[in-house]
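Trainee: Attaching a predicted model along with its sequence, questions to come.
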Amino acid sequence: MRVIQDQFDKLIEDLIAENPEKAKELDINKIISKQLPEFTKIISDSLAKSATEMLSNRRDEYDSFITDNIKLWQSGFDLLETHISICTEAGENINSEYREKAVEKCDLVFDLLIRHHARACHIANEVLCLLKNGFPDAAHSRWRALHELSATAMFIFKHGQECAERFHFHNIIDSYDVMNEHHKYEDRLQEKGPTAAELGDMKLIYDDIIDKYGKSFSGHYGWAAYLFPQIKRVGFGSIEKDVGLDHMRPYYKWASQNIHAGSKGLRNRLALEKCNKDILVVGQSNSGMTDPAHATAISLMQVTCTLLQLNPSIDSIVIMNITQKYSDNIGDEFLKLSVHTNS
């Protein structure tokens with residue numbers, strides 16, 4: 001793309017031709033500054049003129065791809081969507097049945113688990129949407145968040161009310177840290193941050209909670225630090241290991257490649273799973289659905305089963321068995337479809 005560059009080169013050539021003895025005196029930066037508004041208007045007007053047709057063509061191609069992609073993976077998508085619906089309904093039922101009693105008992109574990117479960121269902125729906133639309137790497141990155149939710153919910157369930165209380169009040173730490181960052185960069189952000197008075201008030205609350213739970217509470221996973229006195233700085237890996245999900249760490253790190261700007265993530269793309277060439281993917285793909293779909297089914301099953309254990313009954317045991325079977329079936333179906341699409 002050298003449309004403007006070619007015009008600018010021609011302008012300079014003409015100026016030199018008109019007055020060659022002053023060629024060395026030309027102030028190129030000044031000329032660029034003078035011409036830039038006109039050049040910008042030329043390109044902007046051209047883009048605006050062609051935008052309607054361009055967007056129409058783009059959307060037609062996008063919609064056509066989605067139709068073909070859903071058809072290709074239909075049975076897998078249907079199983080995953082059914083699984084999400086079953087898990088969502090299970091959460092709705094236990095919330096309706098147990099919410100009033102939980103409030104009476106000040107059952108913070110229940111409140112946090114139901115919120116984790118609702119968020120997990122929401123993320124699972126995001127994953128399904130991304131897969132249908134042809135963005136497996138984005139779906140994989142969202143599963144990473146779902147895995148964190150699942151492990152955290154299991155951890156809170158395991159360690160009970162004190163752990164739930166610490167998790168709940170750690171919001172103070174997170175809020176204070178964010179307020180400080182906003183205040184620090186408000187000028188560069190051009191967005192007014194909290195006032196000194198607001199920061200001062202928050203600092204008092206922050207200091208009180210640190211006095212209550214100790215200095216280690218200020219860490220990112222400070223709410224769990226009391227359970228790991230031998231670890232100086234607790235991280236998510238400690239949470240995973242404690243609830244027996246540390247075997248998922250390779251998959252967690254794999255999904256992290258789609259979040260962080262590391263070298264591995266530049267080439268290792270699910271969207272290029274069926275491609276043997278070095279291609280730069282910028283749009284949709286109909287490959288790479290299996291791992292994010294199966295991982296999502298497993299993590300959603302885990303957080304749902306954790307929630308159902310709060311108020312166990314024959315019904316909840318049946319639902320747990322059903323979700324476990326669905327998570328297995330989803331993995332099998334997507335694997336079968338991936339083999340078929342690769343053949």
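Mentor: Received, thanks.

Trainee: Run a quick check on residue 69 versus residue 130, I expect a contact.
Mentor: No: the criterion here is Cβ atoms under 8 Å, and residue 69 misses it with residue 130 at 11.2 Å. Quick note: C-beta positions are derived from backbone N, CA and C, even for glycine.

Trainee: Could you give me the buried positions within stretch 187-198?
Mentor: 193-194 (16 or more other Cβ atoms under 10 Å).

Trainee: got the end-to-end distance for that stretch?
Mentor: 17 Å (Cα to Cα, to the nearest Å).

Trainee: chain center to that stretch, what's the gap?
Mentor: 27 Å (Cα atoms, centre = their mean, to the nearest Å).

Trainee: Please enumerate residues in contact with it?
Mentor: Stretch 187-198 is contacted by residues 179, 182-186, 202 when judged by Cβ atoms under 8 Å, 6 or more residues apart in numbering.

Trainee: Buried among the residues you listed? Make that a PyMOL selection.
Mentor: Filtering those down to the buried ones (16+ other Cβ under 10 Å) takes a single PyMOL command:
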select buried, resi 179+202
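
Trainee: Mind putting the contacts of stretch 187-198 into TSV with distance to residue 165?
Mentor: Below are the contacts of stretch 187-198 laid out as TSV (distance: Cβ to Cβ, whole Å):
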residue	distance to residue 165
179	22
182	27
183	28
184	30
185	32
186	33
202	20
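
Trainee: tell me the two of the contacts of stretch 187-198 that are most distant?
Mentor: Spatial extent of these (Cβ to Cβ) is set by the pair 185 and 202 at 17.0 Å.

Trainee: re the thing from before, out of the contacts of stretch 187-198, which is nearest to residue 279?
Mentor: Residue 279 lies nearest to residue 185 out of these, by Cβ to Cβ, at 37.7 Å.

Trainee: Okay, and the residue nearest to that closest one when sequence neighbours are not counted sits in which element?
Mentor: Excluding the flanking residues, the one nearest residue 185 by Cβ to Cβ, 6 or more residues apart in numbering is residue 193, at 7.7 Å. For residue 193, there is no host helix or strand (DSSP states H and E).

Trainee: swap in residue 296?
Mentor: helix 290-308.

Trainee: circling back: and the residue nearest to residue 185, what are its phi and psi?
Mentor: Backbone torsions of residue 193, given as degrees, to the nearest 10, read phi -90, psi -170.

Trainee: Roughly how far does it sit from residue 252?
Mentor: 33 Å (Cβ to Cβ, to the nearest Å).

Trainee: For the chain, give me the ranges with low pLDDT.
Mentor: Residues of the chain meeting the criterion pLDDT under 70: 1, 341-343.

Trainee: One more pass at 50, please.
Mentor: 343 (pLDDT under 50).

Trainee: any idea which residue sits dead centre in it?
Mentor: residue 142 (4.1 Å; Cα atoms, centre = their mean).

Trainee: Tell me who's in contact with that residue.
Mentor: Contacts of residue 142 by Cβ under 8 Å, 6+ apart are 123, 126-127, 130, 292, 296.

Trainee: For the residue of the chain most remote from its centre, which three-state class applies?
Mentor: In the chain, residue 21 marks the outermost C-alpha relative to the chain mean, sitting 60.9 Å out by Cα atoms, centre = their mean. Taking DSSP: H, G, I helix; E, B strand; the rest coil as the rule, one finds residue 21 in the helix state.
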